[in-house]
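K.L.:
Based on what follows, work out the 3D shape:
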Amino acid sequence: MSITPELVEVIAHKNDYAALERVLVDNGIVTFALAHDLVKAHSEGDVTVRQIASLTDLSPGTTYDLVDALYSILDLGDGESSPTTYTPDDFEEAAGDLL
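P.N.:
Got it, this is the predicted structure:
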């Protein structure tokens, strides 16, 4: 693991984002650094939030909050400040189609 200037800059925002402080305190710098790298890979479409949660052993909710915070801090994505959240209302139900 390398402590990069970018990682230090992100950690400097821990008082602004509860998810950052929670991961640092509860899981340590190694997990945080791994999550940081995975979130950058997420912004490029290489991993999903679920994969980040699994690889870092973070809860899905904490992972999503961390992704949202890092997207804001690092200005990741395509102009949106956070990943898109979908709800069941966003999809049309086809009669009898369970797939």
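
K.L.:
can we go C-alpha only for contacts and neighbour counts from here?
P.N.:
Fine.

K.L.:
Where does the most centrally placed residue in the chain sit, in terms of helix or strand?
P.N.:
Closest residue to the average C-alpha location of the chain: Val67 at 1.8 Å, with C-alpha atoms, centre = their mean. Assessed by DSSP states H and E, Val67 sits inside helix 60-74.

K.L.:
can you give me the offset of that helix from its chain's centre?
P.N.:
Put simply, helix 60-74 sits 4 Å off its chain's centre (C-alpha atoms, centre = their mean, to the nearest Å).

K.L.:
Nearest residue to the residue nearest to the centre of the chain in space, please, no chain neighbours.
P.N.:
Nearest non-adjacent residue to Val67, counting by C-alpha to C-alpha, 6 or more residues apart in numbering: Val39, 6.0 Å away.

K.L.:
Neighbours of the one you found, how many?
P.N.:
As a burial measure, Val39 scores 26 neighbours (other C-alpha atoms under 10 Å).

K.L.:
likewise Asn27?
P.N.:
Neighbours around Asn27, by other C-alpha under 10 Å: 14.

K.L.:
Who are the packing partners of the helix or strand bottoming out on mean pLDDT in the chain?
P.N.:
Ranked by mean pLDDT, DSSP states H and E, the weakest helix or strand in the chain is helix 5-11, scoring a mean of 89. Packed against helix 5-11 by the contact rule (3 or more C-alpha pairs under 8 Å, 6 or more residues apart in numbering; DSSP states H and E) you find helix 18-43, helix 60-74.

K.L.:
Quickly compare those helices and say which is most buried.
P.N.:
Among the helices and strands packed on helix 5-11, helix 60-74 has the highest mean neighbour count (mean count of other C-alpha atoms under 10 Å), at a mean of 19.
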